[in-house]
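>>> Starting from these lines, generate the structure:
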Amino acid sequence: MNNAKRRIIISYLAAVMLSTTVLATGCSDGNILDIGGGNDDAVAAEVSTDISIPIEKFRTLNPVLTRDKDVYFMEKLVYESLVELDETLVPQPSIASDWSFSDDGMTLSFEIRSDVYWHDGDRLTAEDVKFTIDTLLKAQYSGHSLYDANIANIKSVKTEGSSVIVSFRTASDNCVENFVFPIIPEHQFRSINDVFKQNEDFIPIGTGPYFVSEYDSVKRVVLEANDKYFGDKKAENRLIFKIIPNIDDAVNLFDINDLMITYSQATDRDKIFSGLDVNIYPYVSNEVEVLGFNCSKPAFSDRRVRQAIACSIDTQSIIENAYYNNAIRNDNIYYPNYLGKNSSEKLIGQSYEKAQKLLAESGYINRDDDIYVENSSGAEIEIGILINSGDASRQTAADLIKNSLDKLPIHSYIIVKDWSGYTTDLNSGNYDVFIGGWKVESDYDMGFALHSGSNPARYTNTEMDALLDKMKSGIDAETKLETFTRIKEIYNEDLPYFCLAYKTYAAVTAKSMKGIVKPYFFDIYRTSEDWKYEY
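Take a look at the predicted model:
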């Protein structure tokens, strides 16, 4: 064999080995690959800090005007708020280092940090905070802002040096949790009116861990690490938000490293992602599913009857069969472990013996030797389970609940209505029990579900009313926890709703993506700063 031909063959073999090394390394999850017999040379995985994230087409990056969910979450990386919520929804310092209420609860003072800088280098001041609140107050009259509810009770705002003093219309609905809206820079706009003119081509300037380095309203938004960020954890990567027609198609692009992470709220997501080489990170959503009682009906006005029904239900079976294990148990309707209070201490286990005992204590015993119990007036318990059509999970849950109730000496049946009929029956009180649920805002004001005179369970409790009002007022964190602890005690005794499950969502990532993935329902990119991928 001549030398020229030998060199060609050697070059070809080297190319094949190099190609094999790259492909195998891409599947080795970062492990070192030995490609030669007895050869100690190794090839390590390459690392990229460019993380591609899918989003759908949006209208604007202006945080005052946007109505898009994808932008809402993205801008939590660009902007900071006065406070941020931790994993149990307790407010923590952010732009504001401290805060305090006046004795009458009518004013709230924030102390603004002096070491916070905008992405363009200007220092953030108390005037920026005032400008933001004034802008949101004006925006609420046109219904433009996602933050209308946050500032609904604000009367006015002023500054005193580095302090921002917010005055309220009433001493309720003024809790610190409302102040999680993004703070925008006054110097970026000519006036408040100019904010409302900045729409499709608007480029945000914030104080968050990332700044917008590239923006194409059709293709992508690129966020670079902000080396001036005041927070403890600096970003070490670049986030590339790619605009795709349908977010559900995102996972199909994982195999070619075109996208790294997406999010799913689907209850049957395990089936959707079955067979795909991905990691799935569940996290608790703000969606609670309940069995609600009509507390105005004679039978269900007695909390022991409500407790008896709850004792007959196998919630774990409902979670497994109706929600495909993509839900968790919770002993109340508030967010799991809300304010740090354990939410599994009062879980109700299935016990027909206890259910029978509770029915007897409430006066329902077998008085005529048939298979059903009656009260002193001879009335038996009949339970119609109201559900809305088109929700497969609730239909399955209703079937399982009826099967459980059939083992008690009572009557039960399922009533299926379309959404219009379902809501009509709820609003008019034409039901016994219902299966329903809510997606709750991050401030977790549960007055809509528990306050007398305004809840679908027709539940009344004056002490509960006072506590709910107190939760919305200007109280410190310790007092708030004490107040919620008492709310939880009353709730677990009265049981106007039996919590069937708290749904979970999930972050879905390519196997090659590394770093801590710990989303919250209100901040899905909370731990993005160290994300990277190996290939």
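>>> My read is that residue 261 contacts residue 510, right?
Yes - here residue 261 reaches residue 510: they are 7.4 Å apart, a contact under CB atoms under 8 Å. For the C-beta atoms, the positions are set from N, CA and C on the backbone; glycine is no exception.
>>> quick one, which of these two is more surrounded?
residue 261 (28 against 25; other CB atoms under 10 Å).
>>> all strands for the stretch 151-300 of the chain, in order.
Ranges of strands within the stretch 151-300 of the chain are 154-160, 163-168, 210-216, 220-225, 238-243, 261-264, 278-293, based on DSSP state E, counting those that start in this stretch.
>>> ok, and what's touching the first one?
Read it as strand 154-160. Strand 154-160 is contacted by residues 126-127, 129-130, 133-134, 137, 164-169 when judged by CB atoms under 8 Å, 6 or more residues apart in numbering.
>>> do that again at 7 Å, thanks
Here strand 154-160 makes contact (CB atoms under 7 Å, 6 or more residues apart in numbering) with 126, 127, 130, 133, 134, 137, 164, 165, 166, 167, 168, 169.
>>> how close does the spatially most central residue of the chain get to residue 285?
Nearest to the mean C-alpha position of the chain, counting by CA atoms, centre = their mean, stands residue 521 at 2.0 Å. Residue 521 sits 5 Å away from residue 285, going by CB to CB, to the nearest Å.
>>> where in this protein is pLDDT low?
Across the chain, the ranges flagged by pLDDT under 70 are 1-44, 144, 256-257.
>>> how does it divide into domains?
Taking automatic domain parsing as the reference, the chain has its domains at 3-45, 52-246, 283-505.
>>> sorry, back to before: need the winner for burial among the strands of the stretch 151-300 of the chain.
Greatest average neighbour count among the strands of the stretch 151-300 of the chain goes to strand 261-264 (a mean of 23), per mean count of other CB atoms under 10 Å.
>>> Adjacent strands (with direction) for it?
Here strand 261-264 is paired, per DSSP bridges, with strand 497-510 (antiparallel).
>>> ok, back up a step: can you list the strands of the stretch 151-300 of the chain in a markdown table and add distance to residue 368?
Output for these, formatted as a markdown table (distance: least, CB to CB, whole Å):
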| stretch | distance to residue 368 |
| --- | --- |
| strand 154-160 | 62 |
| strand 163-168 | 60 |
| strand 210-216 | 72 |
| strand 220-225 | 71 |
| strand 238-243 | 68 |
| strand 261-264 | 53 |
| strand 278-293 | 26 |
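>>> Can you say which of the ones you listed is nearest to residue 195?
For the strands of the stretch 151-300 of the chain, proximity to residue 195 was assessed by CB to CB; strand 154-160 is nearest, at 15.7 Å.
>>> got the angle for that closest one vs strand 163-168?
Counting by axes from the mean of the first three to the mean of the last three CA atoms, to 10 degrees, strand 154-160 lies at 160 degrees to strand 163-168.
>>> Listing partners with orientation, what would you give for strand 154-160?
Going by DSSP bridges, the partners of strand 154-160 are strand 163-168 (antiparallel).
>>> List of residues touching the partner strand?
106-112, 126, 129-130, 153-158, 174.
>>> run the last query once more with 10 Å
If you take CB atoms under 10 Å, 6 or more residues apart in numbering as the criterion, strand 163-168 is touched by 82, 95-96, 98-102, 104-112, 125-130, 132-133, 151-159, 174, 178-179, 183, 473-474.
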